[in-house]
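> Got a predicted structure plus its sequence, pasted below:
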Amino acid sequence: MHKCEYAKGVFYVCSPSRTSCARNDAVRHIFVGENRMEDFNLGELLSNISVSAVTGFLFKLIGVIALFVIGLWVAKGLSKLVRKACGRSKIDETVSQFLGRGVYWVTLIVVVLACLSIFGIETTSVAAILGAAGLAVGLAFQGTLSNFAAGLMIILFRPFKIGDFVTVDGNSGTVQTIDFFQTDLVTPDNRRIIVPNSKIYGSTIENVSAFEKRRVDVSVSVSPSADIEETRKQLESALQIEGILDGEPHCVVLSDLSATSVDWSVRVWCATGDYWTVRERLVNSVKHKIDEAKIETPVQRVQVTNR
């Protein structure tokens with residue numbers, strides 16, 4: 001038997017036929033301390049070490065999953081809490097949604113960094129890497145950053161809010177959501193239009209819901225032979241409809257005169273939300289009054305040329 005020194009105070013006893021200490025599952029003798037000898041199996045020791053490592057990793061993984069699930073729940077809860085607080089403070093719904101989303105994503109980022117720290121990953125180095133990556137992504141996606149900046153400007157200056165009916169970049173619809181990068185519109189025929197915020201802030205915005213009341217204009221053309229005073233009388237009587245606002249300057253105006261027609265404009269004021277209903281009632285009333293008074297309307301002439 002030959003002795004092969006393994007560490008201070010510890011010796012392996014190996015077979016003379018081997019040139020080095022066996023590293024398999026053969027039985028070895030170790031001398032530890034004062035003349036104490038123990039038999040052990042190296043394969044079993046390595047197996048125990050592997051089991052411990054795997055068990056530790058599984059415990060960490062379970063902890064990370066639990067932390068992420070709880071963090072996700074907390075993020076959603078904080079987002080709802082912020083929105084409710086904004087609602088109680090009578091803060092605009094657009095700002096409320098924006099703040100709620102901001103709190104949600106900030107909380108989620110903190111949770112992800114905490115999960116990484118459980119695995120021993122330095123969060124400071126991760127933050128530096130994310131910063132460098134953010135700079136590179138920012139240079140590559142300048143349009144995305146411009147959408148984000150435009151979204152902030154929309155939130156700050158509020159040219160419109162959720163629920164307003166607007167026309168932006170040639171698209172008309174009711175504002176459904178205002179996100180970091182885009183604004184969603186729903187058209188009257190129930191189509192969803194997604195408009196990038198940079199397109200909105202860089203174009204003309206028409207907000208027909210900006211004020212509580214709105215004027216309804218209905219144009220009427222009659223024949224030049226029709227009596228002007230009788231026509232005015234009948235059109236003024238058409239103003240007696242439901243839904244118009246009291247105390248507002250409802251009127252009938254002679255707007256234009258040509259060789260083929262006399263043009264009138266019938267104007268009433270109503271609540272913004274009742275615009276289309278009141279307009280339909282007014283058109284219907286004007287039509288009935290003209291028909292009852294037998295006021296002639298212009299006849300469209302089509303000229304046909306033979307060649």
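Now that the structure is in, tell me what you want to look at.

> How confident is the prediction for the nearest residue to S219 once chain neighbours are set aside, by pLDDT?
Spatial nearest neighbour of S219, excluding adjacent residues (CB to CB, 6 or more residues apart in numbering): S265 at 5.7 Å. Yep, even glycine has a C-beta here, placed from its N, CA and C like the rest. Looking at S265, its pLDDT reads 95.

> In contact with S265, which residues?
Counting by CB atoms under 8 Å, 6 or more residues apart in numbering, S265 touches 217-220, 252-253, 255.

> rerun that using 6 Å as the cut-off
217, 219, 253, 255 (CB atoms under 6 Å, 6 or more residues apart in numbering).

> which of those has the most neighbours?
S255 (15 neighbours; other CB atoms under 10 Å).

> separation between V111 and D179?
Using CB to CB, to the nearest Å, one gets 22 Å for the distance from V111 to D179.

> Comparing the two, which residue is more hemmed in?
Between V111 and D179, counted using other CB under 10 Å, V111 has the larger neighbour count: 19 against 15.

> Name the SS class of the more buried one, please.
Three-state call for V111 (DSSP: H, G, I helix; E, B strand; the rest coil): helix.

> so it sits right up against I70, yeah?
No: the criterion here is CB atoms under 6 Å, and V111 misses it with I70 at 8.2 Å.

> How about residues contacting the strand or helix carrying N284?
Assigned by DSSP states H and E, N284 falls within helix 275-292. Contact with helix 275-292 is made by 214, 216, 218, 220, 234, 237-238, 241, 243, 266, 270, as judged by CB under 6 Å, 6+ apart.

> if we can go back for a sec, which SS class is the residue nearest to S219?
strand.

> in the sheet, who's paired with it?
S219, V253 (DSSP bridges).

> so what's S209 up against?
164-165, 272 are the contacts of S209 under CB under 6 Å, 6+ apart.

> I'd like the distance between it and I241.
Relative to I241, S209 is positioned 22 Å away (CB to CB).

> now P159
For P159, the distance to I241 - CB to CB - is 32 Å.

> For V106, the count of nearby residues, please.
12.

> Please report phi then psi for it.
phi -60, psi -50 (degrees, to the nearest 10).

> Then G247?
Dihedral angles (degrees, to the nearest 10) for G247: phi 80, psi 0.

> do the same with the one 10 residues further on
Backbone torsions of L257, given as degrees, to the nearest 10, read phi -140, psi 130.

> try F211
When quoted as degrees, to the nearest 10, the phi and psi of F211 stand at phi -120, psi 160.

> which non-adjacent residue is nearest it?
Counting by CB to CB, 6+ apart, T272 is the residue found nearest to F211 once chain neighbours are left out, at 6.5 Å.

> Would you agree that neighbour is in contact with V216?
No: contact criterion CB under 6 Å: T272 and V216 do not qualify, at 10.7 Å.

> the more surrounded of those two?
V216 (23 against 14).

> Contact partners for the more buried one?
V216 touches 268, 270, 278-279, 282, counting by CB under 6 Å, 6+ apart.

> Give the ChimeraX command for selecting the buried subset of those residues.
Command for ChimeraX that selects the buried part of the contacts of V216, burial taken from 16 or more other CB atoms under 10 Å:
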select :268,270,278,279,282
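
> Just the closest of the contacts of V216 to G77, please.
C270 (42.6 Å; CB to CB).

> quick one: the closest one is in a helix?
No: per three-state DSSP, C270 lies outside any helix segment and is strand.

> show me where the stretch 101-250 of the chain has helices.
123-140, 142-157, 197-201, 228-237 (DSSP state H, counting those that start in this stretch).

> From the chain's centre, how far out is the shortest one? Work that out for me.
Chain-centre distance of helix 197-201: 14 Å, with CA atoms, centre = their mean, to the nearest Å.

> do the second one as well
In terms of CA atoms, centre = their mean, the gap separating the centre of helix 142-157 from the centre of its chain is 13 Å.

> Buried ones in it, by neighbour count?
Result for helix 142-157 [16+ other CB under 10 Å]: buried residues 146-148, 150-151, 154-155.

> now for these, which pair is the farthest apart?
S146 and I155 (15.1 Å).

> follow-up on the earlier one: anything in contact with each of V111 and I70?
Counting by CB under 6 Å, 6+ apart, V111 and I70 have no common neighbour.
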